[in-house]
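1. Got a sequence here, can you build the structure:
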Amino acid sequence: MRWRAWRGNLRKDDFAALLPGPKLRRKLPGTLSAAEVLRLLEAPPVTTAHGLRDRAMFELMYSSGLRVSELCALKLQSFDLEQQVVRVFGKGAKERVVPFGRPAAAALQIYLSGGRSALVKGHTGSELFLSQQGKAISRKMFWVLVKQHAQRAGITRPVKPHLLRHSFATHLLAHGADLRSIQEMLGHADLSTTQIYTAVEGRRLLDEHAKHHPRGRV
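-> Numbering: from 1, shown residues only. A predicted model of the protein is given here:
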């Protein structure tokens, strides 16, 4: 009798639903140092059409922080060399305009003047970066090119295409760029996605302190 009375007082709802979930540790994005980025950008030879294309792609990606899919989908009409801006359609077909620097503009101009025409075929459309077949370069091929040129540049650790995008954001933040501005350029819908780069910068400062301070961390 007592058991039945006590059991009747049990909660019928799930009280555990009110408890906060465990905090999952977010994996920090990998980045390249400024010196490694420079070596990668200079790795493609400028004596071939493919080299001019690859250097223009790398320069533009590091200068604008585009996603690989956005870079591969660019058209000739996607950018303005004079204003140094590129118009892209990101996730959810959201359009944004992103600036890029003079080195990227120069690399694009050289590629358009002497590289792209050598890759054009009869069926080629307005795609900006062309494959050997005269079509838009694929994400898979871009991945292969990044790995090849990273090896040529003497970068021993694994280098993935999105490291240029992560390096773009981290290096901007390290030089005082506003987090909101970085969010807009990256095309992040939520600022919390961009804030992970502050953790990357904080980790870098800890590493620098440990390495160079005479009474650094042990």
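2. residues contacting the residue most central in space within the chain?
-> In the chain, the centroid-proximal residue (CA atoms, centre = their mean) is Arg165; its distance is 1.8 Å. Residues touching Arg165, when contacts are defined by CB atoms under 8 Å, 6 or more residues apart in numbering, comprise 61, 65-68, 186. Glycine gets a C-beta too; all of them are placed from N, C-alpha and C.
3. do that again at 6 Å, thanks
-> Gly65 (CB atoms under 6 Å, 6 or more residues apart in numbering).
4. same check, this time on Ala107
-> For Ala107, the set of contacting residues under the criterion of CB under 6 Å, 6+ apart consists of 55-56, 59.
5. Can you check what pLDDT the model gives it?
-> In the predicted model, Ala107 carries a pLDDT score of 96.
6. Out of the contacts of Ala107, which sit inside helices?
-> Among the contacts of Ala107, the members falling in helices are 55-56, 59 (criterion: DSSP state H).
7. so which of those is the most crowded?
-> Using other CB atoms under 10 Å as the neighbour definition, these reach their maximum at Arg55, which records 26 neighbours.
8. Tell me where this structure has strands.
-> Using DSSP state E, the strands assigned to the chain run over residues 79-80, 85-89, 95-99.
9. wait, which of these is closest to Gly134?
-> Comparing the strands of the chain by their distance to Gly134 (CB to CB), the top pick is strand 79-80, with 20.0 Å.
10. List of residues touching the closest one?
-> Residues external to strand 79-80 that are found in contact with it (CB under 6 Å, 6+ apart): Val86.
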